[in-house]
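Enquirer: quick check, what structure comes out for this input:
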Amino acid sequence: MNNYITGKIIKELREKQNLTQSEFARIINVSDKTISKWETGKGLPDTSLIEPLAKALKVSVIELMNGEYISNQNKSSNMLKSKFSVCPVCSNIIHSMGENINLCCGITLPILEAESENETHIINCETVENEFFVSINHEMSKEHYISFIAYVTTDRCEIVKLYPEQNAQVRFFKRGKGILYAYCNKDGLIKKNL
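Expert: Numbering: from 1, shown residues only. Okay, the predicted model is just below:
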């Protein structure tokens, strides 16, 4: 990991907790001068203090190390607010129901921004009895393919992983209105509201 805890993030998070340097120093068992050194960039916390710092600042170790912390506004965990990340190294798919920081293969993954369908990425959805038959007329070579298709409703997220040299087609049990997502390995995340 290239990042390390910065004094700026320590100060910002300490102030967010409404703690003085002295109060914060007592919590993690260091002097207030030590906190001042960290916050002014004249020193760095020892690695043995990373977990106590994260706990006292009410963030995860990853958030503390990254210098980015998440304030999740999706308190009700509505699945329609789903977020996806995809690892460019191993193609791991990470799903969450709100803001987050994801790491995979040593890389901090961005949350994908879904774009609406366009002329090269059209998500076809037909109702066949009690199922949605979803298909995308898309190249499925090892260089350019649809990696997954997901169907998200207020209470469920179903993801079907696809592989090169198969058809970009899936079936989902029909659960009503929701959002269909498809991820193209070159062009990113596409969505279609049902």
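Enquirer: which is the next helix or strand following the top helix by length along the chain?
Expert: For the chain, the longest helix by residue count, based on DSSP state H, is helix 7-16. Per DSSP states H and E, the first helix or strand lying C-terminal to helix 7-16 is helix 21-28.
Enquirer: which parts of that next one are buried?
Expert: Neighbour-count burial for helix 21-28 flags 21, 24-25, 27 (criterion: 16 or more other CB atoms under 10 Å). In this view, the C-beta of every residue, glycine as well, is placed from N, C-alpha and C.
Enquirer: any idea of the mean pLDDT in the longest helix of the chain?
Expert: Over the span of helix 7-16, the pLDDT mean works out to 87.
Enquirer: from here on, count from 30
Expert: That works, and once the first residue is 30, the last one we named lands at helix 36-45.
Enquirer: helices and strands around the lowest-mean-pLDDT helix or strand in the chain, which ones?
Expert: Of all helical and strand segments in the chain, the minimum by mean pLDDT, DSSP states H and E falls on helix 90-95, at a mean of 76. Packing contacts for helix 90-95, counted by 3 or more CB pairs under 8 Å, 6 or more residues apart in numbering; DSSP states H and E, involve helix 79-86.
Enquirer: which outside residues touch whichever strand or helix holds Ile178?
Expert: Per DSSP H and E, Ile178 falls inside strand 175-181. Counting contacts by CB atoms under 8 Å, 6 or more residues apart in numbering, the residues outside strand 175-181 that touch it are 108-109, 111, 113, 115, 120, 122, 124, 152, 161, 163, 165, 167, 169, 186-191, 197, 199, 201, 204, 207-214.
Enquirer: likewise for stretch 78-96?
Expert: Contacts for stretch 78-96 (CB under 8 Å, 6+ apart): 30, 32-35, 37-39, 42-43, 46, 53, 56-59, 74, 98-99, 130, 132, 137.
Enquirer: care to break this protein down by domain?
Expert: Per automatic domain parsing, the domain ranges recorded for the chain read 36-95, 108-222.
Enquirer: thinking again about what came up before, now the angle from the longest helix of the chain to helix 50-57?
Expert: Here helix 36-45 runs at an angle of 100 degrees relative to helix 50-57 (axes from the mean of the first three to the mean of the last three CA atoms, to 10 degrees).
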